[in-house]
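>>> after the sequence you'll find the predicted model.
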Amino acid sequence: MAPTSLAVVDLGSNSFRLEIGRVEGDQIYRQDTWRETLRFGAGLDANGYITPVAIKAALQCLARFRERLSGLHPSAVRAVGTNTFRVAKNAREFLRKAERALGFPIDVISGHEEARLIYLGVAHSLPPSSAPRLVIDIGGGSTEFIIGRGLEPERLESLKIGCVGITQRFFRDGKVTGAMLDAAETAARVEIEAISHQFGPEHWRDAYASSGTAAALAEILESNGFSGSGITPAGLERLRRRLILAGHPRRLKLNALKPERTPVLAGGLAIMRAAVAELRVERIDPVGGALRLGVLYDLLGRTIDEDVRKVTVDRFVERYRIDRAHATRVAKLATALYRRAVPLANREQLQLLEWAALLHETGMSVSHISFHKHGAYILQHADMPGFSAGEQTRLALLVYGSRGGLAKVQTALRDPQIRAQLLSLRLAVLLHHARTTIPLPRLQLKARSRIRFGVSKRWLKAHPLTAHLLAKERSQWADLGHAWKIA
């Protein structure tokens, strides 16, 4: 049964946001929102580490979010971390503390995945159309550019320029001059120029901008008569002149300029002017939705068996010419063994194991020698819509450990869940070494403090090669302190 409420926690470089949506059929209606402006991206020190002050503020915010999320099932909640989580050198250590404070896992998503989810949210906020659309989303630490039709993105880019980052770099003390704005705009234009040929006006019909920066700029331009409708180059130029005249955003006397947007106004303005100039945009319409709504619809898809991750796996099977029949046999056996080894198997971990099994020969497209290593590299670094960075890392690990020496994944074996996944996958690959459908005996698997693998001795006697491979496999596990018995 699909949940009646879904929640997303968006851990951005400018703000942390919590949004809860009410599900009615295949539509989501906003039910509750909570936003705290932390400027988390500005909490990085000169060496790229999140400062103790920023960590403390973030953990306190997440604890407050946790209270609001109490009572929701874990499958109905998704927390995502964006650019600051991607670039901070101590992100992994902070992530563990953040997950404990929030009470839910946090997925660190790639720039391309962030762009995909942004477009999904925007597309659900716009009328249906088959015309190509440009979407620009200026965040605190990165800016995403997407072109898509309907609900499907066609081009995705994420650039490491955001309103917090640009502000920290060019307007650290808050002062604004024409020269400072010129330098900031030039820096942004250099980044955008690299993608301008792919995102120029010949590739789209209408342009939209999402996120708080776009909404704030549009409201300021319209409320002060700088622009008749939406964001225009002329309107942005008038705002620029007013900002330079004031010399500091705090001294601006403008309608609709909210206090929480004032510190990053110059940075956001510089990026928007650069984008408009490089992509030759005459007008941009602000639109709601964006990342949070996209995550909610992505989460809804997972609950009603329309998981985009499954589509991604299917496409990878085709793209890398994987033997689907063989991969399916391995996946079926691996998940069956895992259910026996872990009777109360987590649905998400079972799915990841199934997908790892389906993709375990991805590297064959590179070379049949050490293909598990090639496959792990591809799965770790490829753009995989729907998958978080953590999920891709787990897929890569399982594929890497699906065959060959076991010592290379020795550290991962300390985790009982990963140990059971790897054991199930390796056994499934081993038992299907002939790559044909063979009648398997009744199999039992227990993976607690000691491993017990139940298989008919008569069957083993009739399959001496498999018996030999199982003996070698058992020896590898025993060498690493995981003794197991074949019975």
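That came in fine, so what should we check first?

>>> now do the strands in this protein.
Counting by DSSP state E, the chain has strands at residues 5-11, 15-24, 27-37, 77-81, 106-108, 133-138, 143-149, 152-159, 206-210, 285-286, 444-447, 451-454, 484-486.

>>> distance to Leu296 and mean pLDDT added to the ones you listed, as TSV?
To be clear about C-beta, it is placed using only N, CA and C from the backbone, and glycine gets the same treatment. Below are these laid out as TSV (distance: least, Cβ to Cβ, whole Å; pLDDT from 0 to 100):
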stretch	distance to Leu296	mean pLDDT
strand 5-11	5	95
strand 15-24	5	92
strand 27-37	5	89
strand 77-81	8	95
strand 106-108	14	94
strand 133-138	16	96
strand 143-149	17	96
strand 152-159	17	95
strand 206-210	14	93
strand 285-286	20	90
strand 444-447	36	85
strand 451-454	41	86
strand 484-486	44	78
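
>>> got a markdown table for the ones you listed, with mean neighbour count and distance to Ser388 too?
Listed next are the strands of the chain as a markdown table, based on neighbours: other Cβ atoms under 10 Å; distance: least, Cβ to Cβ, whole Å:
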| stretch | mean neighbour count | distance to Ser388 |
| --- | --- | --- |
| strand 5-11 | 24 | 12 |
| strand 15-24 | 20 | 18 |
| strand 27-37 | 14 | 20 |
| strand 77-81 | 24 | 7 |
| strand 106-108 | 21 | 3 |
| strand 133-138 | 26 | 18 |
| strand 143-149 | 24 | 16 |
| strand 152-159 | 18 | 15 |
| strand 206-210 | 23 | 21 |
| strand 285-286 | 16 | 28 |
| strand 444-447 | 18 | 26 |
| strand 451-454 | 18 | 30 |
| strand 484-486 | 14 | 32 |
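
>>> nearest to Ile220, out of these?
The closest of the strands of the chain to Ile220 is strand 285-286. By Cβ to Cβ, the value is 11.1 Å.

>>> give me the contacts around that closest one.
206-210, 214-215, 217-219, 229-231 (Cβ atoms under 8 Å, 6 or more residues apart in numbering).

>>> switch to 6 Å and redo it
For strand 285-286, the external contacting residues (Cβ atoms under 6 Å, 6 or more residues apart in numbering) are Tyr208, Ala209, Ala214, Ala215, Ala218, Gly230.

>>> for stretch 310-329, same thing?
Trp355, Leu358, Leu359, Glu361, Thr362, Ser365, Met384, Pro385, Gly386, His432, Arg435.

>>> returning to what we had before: and the strands of the chain: which comes nearest Leu337?
strand 444-447 (4.9 Å).

>>> which secondary structure elements does that closest one contact?
With contacts taken as 3 or more Cβ pairs under 6 Å, 6 or more residues apart in numbering; DSSP states H and E, strand 444-447 sits against helix 324-341, strand 451-454.

>>> make CSV out of the contacts of strand 285-286 and add distance to Val87.
Shown next, in CSV, are the contacts of strand 285-286 (distance: Cβ to Cβ, whole Å):
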residue, distance to Val87
Tyr208, 27
Ala209, 23
Ala214, 23
Ala215, 25
Ala218, 28
Gly230, 32
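
>>> and the most centrally placed residue in the chain, what does it touch?
With distances taken as Cα atoms, centre = their mean, Ile109 lies nearest the centre of the chain, 2.3 Å away. Ile109 is in contact with Val80, Ser388, counting by Cβ under 6 Å, 6+ apart.

>>> what does Gly375 give?
Thr362, Gly363, Val399.

>>> 8 Å instead, please
Contacts of Gly375 by Cβ under 8 Å, 6+ apart are Leu359, His360, Glu361, Thr362, Gly363, Met364, Val399, Tyr400.

>>> and for Leu359?
Val313, Phe316, Val317, Tyr320, Ile322, Ala327, Gly375, Leu379, Leu395, Val399.

>>> go with 7 Å
Val313, Phe316, Ile322, Gly375, Leu379, Leu395, Val399 (Cβ atoms under 7 Å, 6 or more residues apart in numbering).
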